[in-house]
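# When you get a sec, could you give me coordinates for this:
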Amino acid sequence: MSVPTSVLVECPVCGQETLHEVLSGRISGKAQAVLESTVRCRECGQIHRVILKADRPVDVPVVVSWLQESVRSSISLGPDEVLSVDDEVMCGENPVLITSIECRGARVKRAKAREIDTAWGKRFDKVRVPLSVSHLGKTFSESVLAVPDEEFFIGDMLKVGRHDVVVHTIKIKDKTLKAGGARARDIVRVYANIVRKTSY
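Next comes the predicted model:
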């Protein structure tokens, strides 16, 4: 945690909270960060001393899955900041969707950062969309990668491996679609048939 270049504090001359330039300062304290600094009001130029206290951020361990790999990472949150399942956060340069949270040995839907043992998530710049592809009475599983907000519609033609397929059903979390479409992030499975090519 570094000394900020400016802070919002009450000015003794202006009588209200104004933006102050930090002229000098130091941070001390362990659980709580204490900033002692000399500041100058940007409204009236008054120079005075301030002492500000703030809880230090905590690093929450996150296990991030991508395809067949899992890597350990972490996110920095305020101690009382709440993390919930289905939250989208940044782990380094990657957007991650939180899928599970462990707090005091139990899986929970949400918890304050200071109480979290480990969180699990999956990279969310691309999502894997599972497909069940049927042909001549046989069905096999495939998948495609898509941007989370990319939409799939009934009747879409897709290239899956070496096959052209047409989507006839889309299953999302709470229902099965026979018409319309859904975002990749909401799809549980896409059902499709291989397109038969006709020679003339």
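
# which regions of this structure sit below the pLDDT cut-off?
Applying pLDDT under 70 to the chain picks out residues 1-2, 31, 197-200.

# Can you spell out the domain ranges of it, please?
6-55, 58-123, 127-194 (automatic domain parsing).

# Surely residue 12 is in contact with residue 46?
Yes: the criterion here is CB atoms under 8 Å, and residue 12 meets it with residue 46 at 6.5 Å. The C-beta positions use only the backbone N, C-alpha and C, and glycine is treated the same way.

# Kindly reformat the domains of the chain as CSV containing mean neighbour count.
Formatted as CSV, the domains of the chain follow (neighbours: other CB atoms under 10 Å):
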stretch, mean neighbour count
domain 6-55, 14
domain 58-123, 15
domain 127-194, 15
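
# quick check: longest strand of this protein.
strand 17-28 (DSSP state E).

# by contact count, what packs against it?
Judged by 3 or more CB pairs under 8 Å, 6 or more residues apart in numbering; DSSP states H and E, strand 17-28 is in contact with strand 6-10, strand 32-41.

# okay if I get those as a markdown table plus distance to residue 188?
Listed next are these as a markdown table, based on distance: least, CB to CB, whole Å:
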| stretch | distance to residue 188 |
| --- | --- |
| strand 6-10 | 46 |
| strand 32-41 | 44 |
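
# Of those strands, which is nearest residue 16?
Across the helices and strands packed on strand 17-28, residue 16 has its closest neighbour in strand 6-10 (6.6 Å, CB to CB).

# I'd assumed residue 100 was in a helix, is it?
No: under DSSP: H, G, I helix; E, B strand; the rest coil, residue 100 falls outside any helix and is assigned strand.

# That one: what's it in contact with?
By CB atoms under 8 Å, 6 or more residues apart in numbering, the residues touching residue 100 are 85, 107, 119-120.

# So which of these is the closest to residue 8?
Scanning these for proximity to residue 8, where the rule is CB to CB, the winner is residue 119, at 31.2 Å.

# Using PDB, write out the CA atom coordinates for the one helix or strand the closest one maps to.
Assigned by DSSP states H and E, residue 119 belongs to strand 116-123. Taking Å, rounded to 0.1, in the frame of the first residue of the first chain, the C-alpha atoms of strand 116-123 are listed here in PDB:
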ATOM      1  CA  ILE A 116     -12.700 -16.700   2.800                       C
ATOM      2  CA  ASP A 117     -10.300 -19.600   2.900                       C
ATOM      3  CA  THR A 118     -10.300 -20.200  -0.900                       C
ATOM      4  CA  ALA A 119     -12.400 -19.300  -3.900                       C
ATOM      5  CA  TRP A 120     -12.700 -21.100  -7.200                       C
ATOM      6  CA  GLY A 121     -13.300 -19.600 -10.600                       C
ATOM      7  CA  LYS A 122     -13.000 -20.100 -14.300                       C
ATOM      8  CA  ARG A 123     -11.500 -17.900 -16.900                       C
END
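
# which residues touch that strand?
Counting by CB under 8 Å, 6+ apart, 60-66, 75, 83, 89, 91, 94-105 sit against strand 116-123.
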